[in-house]
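# return atomic coordinates for the entry below.
(chains A, B, C and D)
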There are 4 protein chains.
Amino acid sequence: MVLKLDKQKVMDPVMNSEEKQTQRLEAFSDGVFAIAITLLILEIKVPGAEELKNEKLGSYLLHQWPKYFAYIFSFGVLGIYWTNHHYLYKLYRRTDHWFNMLNVLFLMTIAFLPFPSAILGEYIHEPEQFGTSVRFYALGIAMPAVVWLASWLYASHNKRLIDHRLSDDFIRLLTRQFILSNLLYLVAILLSFYYPGASLALIIFLNILYILPPKKPIYQ
Amino acid sequence: MVLKLDKQKVMDPVMNSEEKQTQRLEAFSDGVFAIAITLLILEIKVPGAEELKNEKLGSYLLHQWPKYFAYIFSFGVLGIYWTNHHYLYKLYRRTDHWFNMLNVLFLMTIAFLPFPSAILGEYIHEPEQFGTSVRFYALGIAMPAVVWLASWLYASHNKRLIDHRLSDDFIRLLTRQFILSNLLYLVAILLSFYYPGASLALIIFLNILYILPPKKPIYQ
Amino acid sequence: MVLKLDKQKVMDPVMNSEEKQTQRLEAFSDGVFAIAITLLILEIKVPGAEELKNEKLGSYLLHQWPKYFAYIFSFGVLGIYWTNHHYLYKLYRRTDHWFNMLNVLFLMTIAFLPFPSAILGEYIHEPEQFGTSVRFYALGIAMPAVVWLASWLYASHNKRLIDHRLSDDFIRLLTRQFILSNLLYLVAILLSFYYPGASLALIIFLNILYILPPKKPIYQ
Amino acid sequence: MVLKLDKQKVMDPVMNSEEKQTQRLEAFSDGVFAIAITLLILEIKVPGAEELKNEKLGSYLLHQWPKYFAYIFSFGVLGIYWTNHHYLYKLYRRTDHWFNMLNVLFLMTIAFLPFPSAILGEYIHEPEQFGTSVRFYALGIAMPAVVWLASWLYASHNKRLIDHRLSDDFIRLLTRQFILSNLLYLVAILLSFYYPGASLALIIFLNILYILPPKKPIYQ
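Numbers count the residues shown, from 1 in each chain, chains lettered A, B, ... in the order given. Have a look, this model is predicted:
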């Protein structure tokens, strides 16, 4: 593999280093992550004279707890996705056109997250809308997981883009882990139709699990 | 060429590597792309009590389909432009002042796209405004293509900024491809005056074509 | 340490350089800082016809001084935090999973700052809300300091992530300095219940102190 | 100088390369530039049903020309500042604490620009507010020029941070050029009190001049 890459370098004079292969892809992804995560705060609005007519500023700020919850939780979710992106891309040796496209699709689902997050922050405390807002959030949070799995299957198939020295067992382990993630989000979506509270609890529980360190890569 | 660059390095002690030549330009461009693409979500607003007076949250979210369409399509367009920027800049060996200026102009048209995209998302389903919103979108999406072509003509003329080893046939191929793109966008703009639906279909079709992988660079 | 890292490089073929260890972490943090700091301007709104009914544009712009103050001060605070982030990360040799998570938590508190800043800019000149807005700001500005201290204690404990050659005295000096910072913010929060003006003065004084250059690292 | 730097590298094991010295500073600045420049589009609002009651979408979009002008001009101004930042930082060999602080101050004035730009876009066509909006814009655009000059004087004094091999004549040339810039902006501000139209013309003329390529660095 290393030899093959060196050979490629000779033939393709533009490609200066292996590093370059995923460098701009990572920089662009970091940018989208950083912006999506920082835009979350824009959903918490400064109250005007209208909102403070019947309420003091202090109690208004306290009553914003659903928005703080949505901010903290969605920041956490995006932060964890970023950490995992960071972790996974260290296993990649190169990128290709379709993988770039899958990454654009992945970022599309990441940049969408502030919207369901804002819906949840606005309607979590209204019993009538609670079910819908949880369902929409579950759907929103499941989408990056689906594209994540698709990207991984594409990249790891016959070790197309990943480090050739990674052990097959380790690759299978990650594949199984990403499939399980998708199944659990599917459960959360279905659950949200009947028990939205339990669905939200499952989503939170899942993302607390993801805070645990990922498995160290195992090489052959 | 390589010898010439090495010589330049000796004379100009600040220039440490060829890499540096387009590095900050790419980083800045990536930043603008990442922000423009992530700002698209801000066009989908969270409904207030007013909007939900006669409608449930669930049906409101479903009725937002034109905005989802505009989000997905514009994210795709910007993502494809970024991928192509990424692809083309690998063919460049260096940059100069006027090319920097053309790149600023290009980014100006890229950062403008969220506005026609929001117009389309707001008025695509209103028959009276459909024609105008498609025309404005066609215009908005054609502008980066015009500057893209101008940048390429500037950079590739006498291989001013691009890799000297690229074959002349390959350069001509790209030139023809970029001119064709511009002509097709011109057709879409003209078409939008009479058949806005066909115009939008052409724009969508064009951008689906752009998802296909670009031609591999051919060296002499 | 250097030998150990070199050995690790041999075993782990993906890790090309020590540089890479904190590179994406710093890039991502820079992104969040840059966005949070630039979003501050969005809190200063362009007046519409309504706002200019009883006031000329010139006098309206002058009366916006609390917003300019909040912009300048919060920009300064975030800028200083960024400078210190920049300074401290030069002392780190590597990162690990939990440190990444602490950094996400730190960025969560940084990205939150535009909100209390906007509250302060909106209500600093309303006597009734002055106390609450200062208290909220003191709380908001203390949070990054708490996570900053936690990150440092984690990274410096047994020189887990920092340069092994840093002198113990220097490490203790930084630890004491970060603890003192936290205590002073605690004083500011408590003070805001009784003397909000003095609390704000203390916060401003503290951040003016932080403009002074940090101590040069001392190696053994 | 090079020898001195090499020595410093030996004493300070964290400093891996000269490159690193201004790298994060440039990345952070690029981020703020990229965001400020992309936020400009947010000032052009999508019309709601209210705005389109007495006007068709097409004519509404045409009547937005002051906003397009403000967008294009401010994008140009920020793009040119970025290009010059890019140009000047290639002359710097290293950075220090106070220069970092000056850079934060510079970015503060850059990130502020979208606000006077939005004011200009909103009120350029209202005769009553034209003078004030031009004056505010002139003030806003002069501020980065002031900090730019201060940064340069600090960095170039005794060649504190810049490349030691730059010729004294070249340094004096840049100093004179930056001072002239400041004087012309001062003229524009004063002019805006009596002839706002002439003031705006001067500002536009100045920035068209800045599109010209900067002088090539001259080494001793």
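
# contacts and neighbour counts: CA atoms only from here.
Noted.

# can you pull out the helices in chain A?
A:2-11, A:20-39, A:57-63, A:65-89, A:97-112, A:114-123, A:127-156, A:168-194, A:196-209 (DSSP state H).

# closest one to D:L184 among these?
Nearest to D:L184, of all these, is helix A:20-39, at 36.7 Å by Cα to Cα.

# so the closest one versus helix B:20-39, what angle?
Helix A:20-39 and helix B:20-39 are oriented at 40 degrees to each other (axes from the mean of the first three to the mean of the last three Cα atoms, to 10 degrees).

# does chain D sit close to helix A:20-39?
No: using Cα under 8 Å from any Cα of the partner chain, helix A:20-39 stays clear of chain D, coming no nearer than 8.9 Å.

# export the helices of chain A to JSON lines and tack on mean neighbour count and mean pLDDT?
As requested, the helices of chain A are exported to JSON lines (neighbours: other Cα atoms under 10 Å in any protein chain shown; pLDDT from 0 to 100):
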{"stretch": "helix A:2-11", "mean neighbour count": "11", "mean pLDDT": "33"}
{"stretch": "helix A:20-39", "mean neighbour count": "23", "mean pLDDT": "84"}
{"stretch": "helix A:57-63", "mean neighbour count": "14", "mean pLDDT": "91"}
{"stretch": "helix A:65-89", "mean neighbour count": "19", "mean pLDDT": "90"}
{"stretch": "helix A:97-112", "mean neighbour count": "21", "mean pLDDT": "93"}
{"stretch": "helix A:114-123", "mean neighbour count": "24", "mean pLDDT": "92"}
{"stretch": "helix A:127-156", "mean neighbour count": "20", "mean pLDDT": "94"}
{"stretch": "helix A:168-194", "mean neighbour count": "16", "mean pLDDT": "95"}
{"stretch": "helix A:196-209", "mean neighbour count": "16", "mean pLDDT": "94"}
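
# take those and write them to TSV, including distance to chain B.
As requested, the helices of chain A are exported to TSV (distance: least, Cα to the nearest Cα, whole Å):
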stretch	distance to chain B
helix A:2-11	9
helix A:20-39	5
helix A:57-63	17
helix A:65-89	13
helix A:97-112	6
helix A:114-123	6
helix A:127-156	6
helix A:168-194	12
helix A:196-209	14
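
# for D:Q177, which of those is the nearest?
Comparing the helices of chain A under Cα to Cα, the one sitting nearest is helix A:20-39, at 35.1 Å.

# just to revisit the earlier point, in a markdown table, list the helices of chain A along with distance to C:H125.
Below are the helices of chain A laid out as a markdown table (distance: least, Cα to Cα, whole Å):
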| stretch | distance to C:H125 |
| --- | --- |
| helix A:2-11 | 64 |
| helix A:20-39 | 27 |
| helix A:57-63 | 14 |
| helix A:65-89 | 25 |
| helix A:97-112 | 37 |
| helix A:114-123 | 29 |
| helix A:127-156 | 37 |
| helix A:168-194 | 46 |
| helix A:196-209 | 40 |
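
# quick one, which of the ones you listed is nearest to D:F33?
D:F33 sits nearest to helix A:20-39 of all those, at 13.3 Å, using Cα to Cα.

# other SSEs contacting the closest one?
helix A:65-89, helix A:97-112, helix A:114-123, helix B:20-39, helix C:20-39 (3 or more Cα pairs under 8 Å, 6 or more residues apart in numbering or on different chains; DSSP states H and E).

# what angle sits between that helix and helix A:65-89?
Using the same axes, to 10 degrees: helix A:20-39 against helix A:65-89 is 170 degrees.

# how far does helix A:20-39 sit from the chain's center?
12 Å (Cα atoms, centre = their mean, to the nearest Å).

# export it to CSV, keeping only CA atoms.
Written as CSV, here are the backbone C-alpha positions of helix A:20-39 (Å, rounded to 0.1, in the frame of the first residue of the first chain):
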residue,chain,number,x,y,z
LYS,A,20,-3.2,16.3,1.5
GLN,A,21,-5.7,13.7,0.5
THR,A,22,-8.2,14.3,3.3
GLN,A,23,-6.9,17.6,4.6
ARG,A,24,-9.2,20.0,2.8
LEU,A,25,-12.1,17.6,3.3
GLU,A,26,-11.5,17.6,7.1
ALA,A,27,-11.0,21.4,7.2
PHE,A,28,-14.3,22.0,5.3
SER,A,29,-16.1,19.5,7.6
ASP,A,30,-14.6,21.2,10.7
GLY,A,31,-15.9,24.5,9.4
VAL,A,32,-19.5,23.2,8.9
PHE,A,33,-19.4,21.5,12.4
ALA,A,34,-18.1,24.6,14.0
ILE,A,35,-20.7,26.8,12.4
ALA,A,36,-23.7,24.5,13.0
ILE,A,37,-22.6,24.1,16.7
THR,A,38,-22.2,27.8,17.2
LEU,A,39,-25.5,28.8,15.4
